[in-house]
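>>> Would you be able to build a 3D model of this:
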Amino acid sequence: MEDEIQAAIIAKIKEDPSLGPKLLRLAFHDAMIAGPDGSILYELDRHENHGLKSPLNLLRDFRASFPETSFADLIAISGAAAVQEAGGPVIHVGFGRIDSAKPGAPGHMTTPHDNAQQLKKKFSSSGLDAKDLVVLSGGHSLGGFGPEEARQHWTAHPDRFTNDYYKSLLGMEGFVYPSLDSDKALVSEPDLKALVELYAKDQDAFFRDFALSYKKLTKPSTRASGRTLCPFLTCCNKGS
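Below is the predicted model of the structure:
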């Protein structure tokens, strides 16, 4: 059934390519706080989650077709589908995530102003290491940042999943150097920069390690306490 869900999501992304980066961002934001548990449904008013209502509404429609699948599973699968549709690795994340009935604790999401140590600390609190930090940051090859009217992109081809993000970080000729502090942090410490240099040279290594880190990020988790199935997932947060 996972392949069926991915195929349906990929078809939607083909209709609207802007959905791909949003779905990948949605998966990351859901999993980073307390594990992949669908708690993002209750966190849409937080500034870091601006713009995530539309992909959530899409998944709400999909849940009507796959009612036995948790919202958390749909989010994790949709992020993998976005990567695949953009030319990245095929990732199967499976099922088994349980939806939360409450938001995760605020203040744990990474920010554009984080330095290397802050990023490492936040990833560590989510059960992720420095390698996961660098490789999952490669998801910035998709999409961009800033307001829609002044959108900036990390790469020249923000609709393709490639290793160009790392080339940008190293200031390679023909690539725009990212302006965010959290991007610059990845080349500010030797252990992180070594991974950036590896992935800039070897896209196959990036794809392999991204698939592994994405599975780790979205693995069914027990990090959250008091997690129960929300009976109102089909009706809550219907705003656009």
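>>> Helix or strand for Lys12, just tell me which one.
Counting by DSSP states H and E, the element that carries Lys12 is helix 2-15.
>>> Next, the buried residues of that helix.
Judged by neighbour count using 16 or more other CB atoms under 10 Å, the buried positions of helix 2-15 are Glu2, Ile5, Gln6, Ile9, Ile10, Lys12, Ile13. Every C-beta, even on glycine, is put in place using the N, C-alpha and C of the backbone.
>>> quick one: the helices in the chain?
Ranges of helices in the chain, per DSSP state H, are 2-15, 19-34, 53-65, 71-85, 116-125, 130-137, 164-169, 181-184, 190-201, 203-217.
>>> Specify the angle between the second one and helix 2-15 in degrees.
Using axes from the mean of the first three to the mean of the last three CA atoms, to 10 degrees, the direction of helix 19-34 lies 130 degrees away from that of helix 2-15.
>>> counting contacts, what elements does helix 19-34 pack onto?
Identification of packing neighbours for helix 19-34 by 3 or more CB pairs under 8 Å, 6 or more residues apart in numbering; DSSP states H and E yields helix 2-15, helix 53-65, helix 71-85, helix 203-217.
>>> and among these, the most buried is which?
Highest mean neighbour count of the helices and strands packed on helix 19-34: helix 71-85, a mean of 27 (counted as mean count of other CB atoms under 10 Å).
>>> Show me what that one is packed against.
Packed against helix 71-85, as judged by 3+ CB pairs under 8 Å, 6+ apart, are the following elements: helix 2-15, helix 19-34, helix 53-65, helix 203-217.
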